Each structure stands twice: as structure tokens, then as C-alpha cells.
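Trainee: any chance you could fold what I've pasted below:
(2 chains)
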Amino acid sequence: MKAFTVHTGLAMPLDRANVDTDFIIPKQFLKSIKRSGFGVNLFDEHRYLDKGEPDSVNSQRPLNKDFVLNQPRYQGASVLLARENFGCGSSREHAPWALDDFGFRVVIAPSYADIFFNNCFKNGILPIVLDKNLVDQLFKEVNAAEGYTLTVNLLAQSITRPDGSVIHFEVDAFRKHCLLNGLDDIGLTLEDAAAIRAFENQWREKSPWYFRSA
Amino acid sequence: MSGQTLYDKLWDSHLVKQRDDGTALIYIDRQLIHEVTSPQAFEGLRLTGRKPWRADANLATPDHNIPTTKAERSRGLEGIVDPVSRIQVRTLADNCREYGITELDMNDIRQGIVHVVGPEQGATLPGMTIVCGDSHTSTHGALGALAHGIGTSEVEHVLATQCLMQKKMKNMLIRVDGKLNPGVTAKDIVLAIIGEIGTAGGTGYTIEFGGDVIRSLSMEGRMTICNMAIEAGARAGLIAVDQTTIDYIRGRPMAPQGDMFSRAAEFWKTLVSDVDAHFDRVVVLDAADIIPQVTWGTSPEMVAPVTGFVPDPDLEKDSSRADNIRQALKYMGLKPGTAIKDIKLDVVFIGSCTNSRIEDLRAAAAVVKGRKVASSIELAMVVPGSGLVKQQAEAEGLDKIFIEAGLEWREPGCSMCLAMNADQLPAGKHCASTSNRNFEGRQGFGGRTHLVSPAMAAAAAIHGHFVDVRDILLDTARS
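Mentor: Below you'll find the predicted structure:
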């Protein structure tokens, strides 16, 4: 997994609560057996005016000029400012894959759905939880100032605003460690292979009915 | 010290290692696999040269994007018209073969929606930890198993290590007390619960459903309830084990048999929350207040009783909530104050991991029997949850009842619940659907979904608009 240390990027506001993972990446693009290439279909149903298919030539599709992602002032954005319960619904990891492939490295929202939140960390995306009022304030500031850029420092757990003021955020210590170092979760877990084996043996002894072949 | 909740017990019994920072390594007993969220996980194994830790803990079946028409299905893999879907279904078969994982392939009579197949085969057992790269894995909690959806990176993690890194959730109890009104089903209960606590109400919690009404439900009804725990934000839903659970499991092919079954059943009976267990949050609903439910918006929490009305955003005090309602009504093409019963329908879908089991089909068939689908309905389809459900329904003659009434009888799969295959709701069309999500575009680009129970969907098919199924059931009883 790629590491996350410090990121400076243009913020883009997505002013909508309960953005679900169908909204982030519609189902027809889930037929791919790859992990990459989802960025052009990020927010597909809102970003384009027509219905996209896996074989569509996206550069020729009509854009929804009103959608925030298409507005000139947000081109190149890499920090996504969002509302409550972001990423709810389907567990599809294609949602963070699409965000990442498009170029978003940070999401800031008052709350997330659990599975999406977890999936972000597996893909080098930092989902930050901030107080609702503070997120509200950031929405106002982004809307008011073109070129609104934030610097996110994971080690320091800080967000620096354009005026130099700093917001502190909380992050789980283990996830922070993995993200800072770009650690491979599986490799890390396999360091405990002996403990897993030992657990498995006693569990099989105690509950053999869970060890019948599927 | 207070006692343990069922969730506490399941967690403790699967704890491999606890870290100081609160994360834990949890052992996984069963992984269910389907074609959409697994190819990249298998690819990950290949790239790192890793092997499954315990291949026999996994069970696979294709469901999300396989076709449901007989014409396509009868020709096997090669019959799948969509080339991209065909590659994905074939990739699942290839991966299972390569890694020694049992797959119930598309022409196996046992194939079906992964969350129907697991319990049906006895691959889902009380006391297990169960994961799948699908958020509706919460379904299996109905059997007293700790079950939740995961992303593809975690699918790979479980394949390679038989474990997951987890943080313990908080405990929530949702109790439904009293006695259920006639004509009201598990689907109505869970929609009412989501209406009460909201789509994020269960975030960070494992929800245990309890109370007299939950206890009185069949296993299939309990699965419907736990299935939609995720729509309330909770990754896992749970229902305590009782005699109903044990009776359901007995004799299922992958369940323990004979003496081992008896020993297992003794253990499973301990899988209940202690009377003095502590829950971080308790929500109580009175069953007397619950009548058939219909969603009017683009989130499962946007729900009303069938006797109710589409809300008026101007009357909503919270401005962000008012905006959400406005956005939803615009997408749904509905006016504030419209009676739910006046919502006209174009399509009816009976199926999905929420409501495609035999009892669901019986409930729908009872409503349409001897009646005809309204002429204004463009498509009404019934998609059984598995090949075995289909076989059972046909043995009972339900297929004939549906076909005579004018509904299509399809092959098993996820179908129009998420519309990855050809079964798509056209833009602007209203669909009475027994599925679980009414998100924008979920059932098809621009499609308008109303979530209801199987009986309510069937009644809507007959009338072309929503009706209170209790009126129909009364008529049927009289005649």
C-alpha cells in the first residue's frame, strides 16, 4: 500500500449528506476484474449527463457542467470535503479505488459509514472526521475562496488552512502507523501466524463443527 | 460486573490477539465469495505468491451479474451475453479451481444469492464469524453468527490469514415488543426501525434485535431483519439463538450431523445475551405502531406507512434535512403531500437477498393468486434467491400462480436489486421492489425505487399503485 505522510491539495466541496457508494461508482463499472481505471467514472451519474457503460468513450460524453467536479475552479482537487455518513451502502472497494484513481488523497467529513471508512485506509486515502460545525465552516470557506488549499499532515494530525491556522484531527494509532509507513496488512498479520495457528487448533478442538469442508 | 451481550461472546471466542491500541486480530470461520468483489483479491494472492490459509473455510457462488433469463442461463457460461459479465463469472470459476475453493457454479441447483445460499446449505452456523465482500453479509447474523461485509483488500486478507484486523463495535439492542398486526411482515418491521433510527443510527454498533416480535419470527423473517441492519448503518445485525434457529439448521448439507449436531446445538443454545448484559444504546419499538411500510425517497430512512403521505420539505425545521427531502423528491418525481397509495408504479421486482426466500414467494403468491397484474405495469418479475428456492416454489406451484397472474418467473440471482445484469429499471420509472436500497440509480440509471415487503409489492402489481395489503388479505379471507 502507498504511504501517506503530508499532502497539500485543492479542496472540493460535495454538499450532500448520505453519499452512498453507488453514487461514488455505479454498479456497471464493478464488472472490471482490475483495481485501477475507475477514476474516469467517479461520481459517474452526476458527472456526466448520459448513462455510462464500461466501454463508453468518456472523453466524448456530455458533462454535467453544474456538478462540482466539472467546475473550472475545482480542477485538480485532491481533498474532498463531504457531509454526514459519507460512503454508506455497498461495501464495494471500487469506491475508494475510484477516488484514489481520480486523485483524491484526503476526505474530510463529520461521519462515514464503517466499511467505506475502513476501505479508505487500505488504499492510502486518509478519511478525516471533524466536528459537524467545523466541517460547516470549511464548506463556507471553500465556497468563498477560489483556490482554497489545505495541507494535511498525518504525523502531526493537523490540517493547515490557507490563513495558516491549524485544525487538529484524531486518527486511530494503528491505522496511522500503517498509513504513514505504507504497510502491507497481510504481511503484518502473518507475523502472528503462530498465534493464529494456536488459536485455530484450540478452536477446532472445542468446536469441530466449524471445520467441516464447505 | 455485568454479563455479556451475544456480540461480546462472539467477539471473545474469536479473539486471536489483542493489541494495546484497541485493534484485535479476529479469527474468521467462514468466507462467502462472489464474482464482483473477489477477482482483485485472488490477483493479490497471485502477485504475492500467497495461498489461502484454509481453502475449505470458503464457499463461492456467482450472483451479482449473472443473467436471470432461461435463454442465457441454459447455455452456461458461454450463454452470458454481456462479455464483461462473462469474464467476471468465468474468473470466479477459474480462481476457485486454482485455489481449491468450492464453488456452486451458475448451473448448480444450489447456486443463488450468496446470502440465501449460506444459510440454506448450512454453511452459515450459529457462533461463527462470517465475512463476505458484500455489505448484506449482515443477513447471517439471524442465525446468531457475527457476520459483516468487507472490502476486497479484506477478502484477500481473510483468504491469506483466516483473520481480520478489527476494532470492537459498541452494543445496541433494538427490541420490538408486543404483537405484530396481521399483514405486517419482517420487512415492514426493519423499514420502521430504519425510519426510527436513521441510516446512520447504527454506525459504530453491532445491533442485536430482540423482543417478543423478533422471537416470534421465522428464520427467514429474521434474515430479512438482519439483512437490512447495514441500511441502518450497522455492519452486523444479530439475533439470539433459540429453538427456531436449531430446528432450521438440522439436516442442512454442510451443517454437522448426528452426534456432532447435538453437541453443537448444546453450545449454540448459550449464544444469547446475558440478562444483565450492558448495551450502549437501547431502542424499543411497539409492534402495535407498525403497519406496512413504503419508502418514498432515495434513502431507506425515507419511509412512511402505506396510509401516510410524501412529506413536505417546507414543514421540516432542520434545513439540511429539508434539502435532503427536496433532492429526493426531485429525483423521485413526487410532490409533497401525495398519498402513498396514489403513487403509480411501472415495474414490480420481487427478489434480492432481503426477500427472495420461499416464505417471501409464498406471501407474494397468496396475494396475486387468481388475480391479474394491472395493465399499466410494464414489467413484474419474481427472481427466486437460489436454485433450491426456485425448485421448492415450483413444487408448490407458485411459479404457475405468478405466471398466470402475469409476472415473469426468472432464474436465481441478485437481478434488479442492483441491476448489474440486464435486469434494469428504466429512467423515470417507479418500481415497487422487495430489495434493500432505494439509492439514486441503484436499480438502473434514473430509476425510482420504492422498498416494500413481498406482499405489498404483489398487491401493487395487481393495482398499479400502492395499496394496503391488509385490505387485500381481508378480501381474500372473505372470498
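Trainee: chain center to whichever strand or helix holds B:Leu47, what's the gap?
Mentor: Per DSSP states H and E: B:Leu47 is located in helix B:39-48. Chain-centre distance of helix B:39-48: 28 Å, with Cα atoms, centre = their mean, to the nearest Å.
Trainee: list the buried residues of it.
Mentor: B:39-45 (16 or more other Cβ atoms under 10 Å in any protein chain shown). The C-beta positions use only the backbone N, C-alpha and C, and glycine is treated the same way.
Trainee: taking the stretch 351-479 of chain B, what residue is nearest to chain A?
Mentor: Closest residue of the stretch 351-479 of chain B to chain A, Cβ to the nearest Cβ: B:Phe445 (4.1 Å).
Trainee: that residue: neighbour count?
Mentor: The local packing of B:Phe445 (other Cβ atoms under 10 Å in any protein chain shown) involves 20 other residues.
Trainee: do the same with A:Val6
Mentor: Around A:Val6 there are 12 other residues, counting by other Cβ under 10 Å.
Trainee: name whatever forms a beta bridge with the nearest residue to it once chain neighbours are set aside.
Mentor: Among residues not flanking A:Val6 along the chain, A:Asn153 sits closest, at 4.8 Å (Cβ to Cβ, 6 or more residues apart in numbering or on different chains). With DSSP bridges as the criterion, A:Asn153 is bridged to A:Val6, A:Ser158.
Trainee: show me the contacts for A:Asn153.
Mentor: A:5-6, A:159-160 (Cβ atoms under 8 Å, 6 or more residues apart in numbering or on different chains).
Trainee: and of these, the nearest to A:Asn119?
Mentor: Distance to A:Asn119 across the contacts of A:Asn153 (Cβ to Cβ) is lowest for A:Thr5, with 20.4 Å.
Trainee: hmm, back to that, between the contacts of A:Asn153, which sits nearest B:Ala304?
Mentor: Here the nearest of those to B:Ala304, counting by Cβ to Cβ, is A:Ile159; it sits at 40.4 Å.
Trainee: confidence score at the closest residue to that closest one other than its chain neighbours?
Mentor: Leaving aside its sequence neighbours, A:Ile159 sits nearest to A:Ile167 (Cβ to Cβ, 6+ apart; 4.3 Å). On pLDDT, A:Ile167 comes in at 98.
Trainee: hey, where'd the strands end up in the stretch 51-200 of chain B?
Mentor: All strands of the stretch 51-200 of chain B, identified by DSSP state E, counting those that start in this stretch, fall at B:58-60, B:102-103, B:129-132, B:146-149, B:163-167, B:170-177.
Trainee: A:Gln60: which of the ones you listed is closest?
Mentor: Closest approach to A:Gln60 among the strands of the stretch 51-200 of chain B (Cβ to Cβ): strand B:146-149, 35.6 Å.
Trainee: what helices or strands is that closest one leaning on?
Mentor: helix B:6-13, strand B:129-132, strand B:236-238 (3 or more Cβ pairs under 8 Å, 6 or more residues apart in numbering or on different chains; DSSP states H and E).
Trainee: residues in contact with it?
Mentor: A:91, A:115, B:7, B:10-11, B:14, B:124, B:128-141, B:206, B:226, B:230, B:235-236, B:238.
Trainee: at 7 Å what do you get?
Mentor: A:91, A:115, B:7, B:10, B:129-132, B:134-138, B:140-141, B:230, B:235-236 (Cβ atoms under 7 Å, 6 or more residues apart in numbering or on different chains).
Trainee: stretch B:300-313 too?
Mentor: Residues outside stretch B:300-313 that contact it (Cβ under 7 Å, 6+ apart) are B:191, B:194-195, B:198-199, B:231, B:291-296, B:322, B:325-326, B:328-329, B:334-341, B:437-438, B:451, B:466, B:468.
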